[in-house]
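> Dropping a prediction and its sequence here:
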Amino acid sequence: MDGSHGHATRHADGSAGDADYGRIGHRYASYRQPEPAIAAQIAAALGPAAAVLNVGAGAGSYEPRERAVTAVEPSASMRAQRPAGIAAAIDATAEHLPFPDKAFDAAMATFTVHQWQDLGAGLREMRRVTRGPVVILSCDPELVEAFWLADYAPKVLATEAKRYPRLDQIGRMLGGSVETVPVAIPLACRDGFNEAYYGRPERFLDEGARLACSAWSFVGAAENAASIERLRSDLASGAWDARYGSLRRQPSYHGSLRLVISHG
């Protein structure tokens, strides 16, 4: 899948992937805060790099504040949600990075590669402009549907699984010495992707939380409403807790989340 990955046209707000963040992303930053444990793992993977490129930077989650970060983000809605005190993001896409060869010590991309129009072109561009490690936070598509949410919203997770590129494919396209590392998700995870709520199922009843996970936007409103009603009913009856209640006390969850690190 070295060619197109996602739609070929940009949305009105500049979103370059298949999700329209001008429509769904206005409250994204409220729900998708950086989780410190995940941030620490990303920072370790970046090594001692001083100058870091963040591609598909969104609202700035996981950008290491103590380093010189250059951010690239095509969505105007997401650029507008970047907090004060961090660099403004450049309006550009992964496939066409406006930087010279080897301009950065390291590069990172979190929860974004599944949005890119041309995965291979974007990863080759990241490798081109980076001297050291390239760090990609993504999900293993083979594990996405193992999450309990598939009992209630199977089409959401099936959609999500289809969107994520295979991890070995990411590694091959980046080249060099590559390692893939599991990322544990803490129970009180601050970053509201679907698996972050593994032990807090009530969070899915919040429409804003669902909108912050773009896979929900690809499923019809009626089907999503039916999924949430099934979950609401099972929470009220105790059926969810009978099956999965132990997750409420499980300190961390090992799901589909992975770091792919190319050492160059």
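It's in.

> A43 contacts R65, correct?
No. With contact defined as Cβ atoms under 8 Å, A43 does not reach R65; the gap is 10.0 Å. No exception for glycine: its C-beta is placed from N, CA and C like everyone else's.

> Of these two, which one has the most company?
For A43 versus R65, the count of surrounding residues by other Cβ atoms under 10 Å is larger for A43: 17 against 10.

> now that one, nearest residue through space, not along the chain?
The spatially closest residue to A43, leaving aside those adjacent along the chain, is P64, at 5.3 Å (Cβ to Cβ, 6 or more residues apart in numbering).

> My read is that that neighbour contacts L46, right?
Yes. The pair P64 and L46 passes the contact test of Cβ under 8 Å, sitting 6.7 Å apart.

> So for these two, which residue has more residues nearby?
Neighbour count, other Cβ under 10 Å: between P64 and L46, L46 has more, with 20 against 17.

> what about the closest residue to that one other than its chain neighbours, distance to V178?
Spatial nearest neighbour of L46, excluding adjacent residues (Cβ to Cβ, 6+ apart): A106 at 4.6 Å. The spacing between A106 and V178, counted by Cβ to Cβ, to the nearest Å, is 15 Å.

> Have a look at those two and say which one is more surrounded.
Shown here are A106 and V178; by other Cβ under 10 Å, A106 has more neighbours (24 against 19).

> The more buried one and V55 touch, don't they?
No. A106 is beyond contact range of V55, at 11.5 Å (criterion: Cβ under 8 Å).

> Could you pull out the residues contacting both of P64 and L46?
Common neighbours of P64 and L46 (criterion: Cβ atoms under 8 Å, 6 or more residues apart in numbering): V52.

> For the closest residue to R190 other than its chain neighbours, grab phi and psi.
Leaving aside its chain neighbours, R190 sits nearest to Q33 (4.2 Å; criterion: Cβ to Cβ, 6+ apart). Torsion angles at Q33 (phi, psi; degrees, to the nearest 10) stand at phi -90, psi 150.

> Using CSV, write out every CA atom in stretch 218-229.
This file holds the C-alpha atoms of stretch 218-229, laid out as CSV (Å, rounded to 0.1, in the frame of the first residue of the first chain):
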residue,chain,number,x,y,z
PHE,A,218,-17.5,7.4,9.5
VAL,A,219,-20.5,5.4,10.9
GLY,A,220,-24.0,6.7,10.4
ALA,A,221,-25.7,8.6,13.3
ALA,A,222,-28.5,6.0,13.6
GLU,A,223,-26.1,3.1,14.0
ASN,A,224,-23.9,5.0,16.5
ALA,A,225,-27.0,5.9,18.5
ALA,A,226,-28.1,2.2,18.6
SER,A,227,-24.5,1.2,19.7
ILE,A,228,-24.6,3.8,22.6
GLU,A,229,-28.1,2.7,23.6
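
> Now do that stretch, average pLDDT.
For stretch 218-229, the mean pLDDT works out to 96.

> all strands for this structure, in order.
Counting by DSSP state E, residue ranges of the strands within the chain are 51-55, 68-72, 106-110, 134-139, 178-182, 185-186, 252-253, 257-262.

> most tightly surrounded among those strands?
Highest mean neighbour count of the strands of the chain: strand 106-110, a mean of 28 (counted as mean count of other Cβ atoms under 10 Å).

> Low-confidence stretches in this structure?
Scanning the chain for pLDDT under 70 picks out the ranges 1-28.
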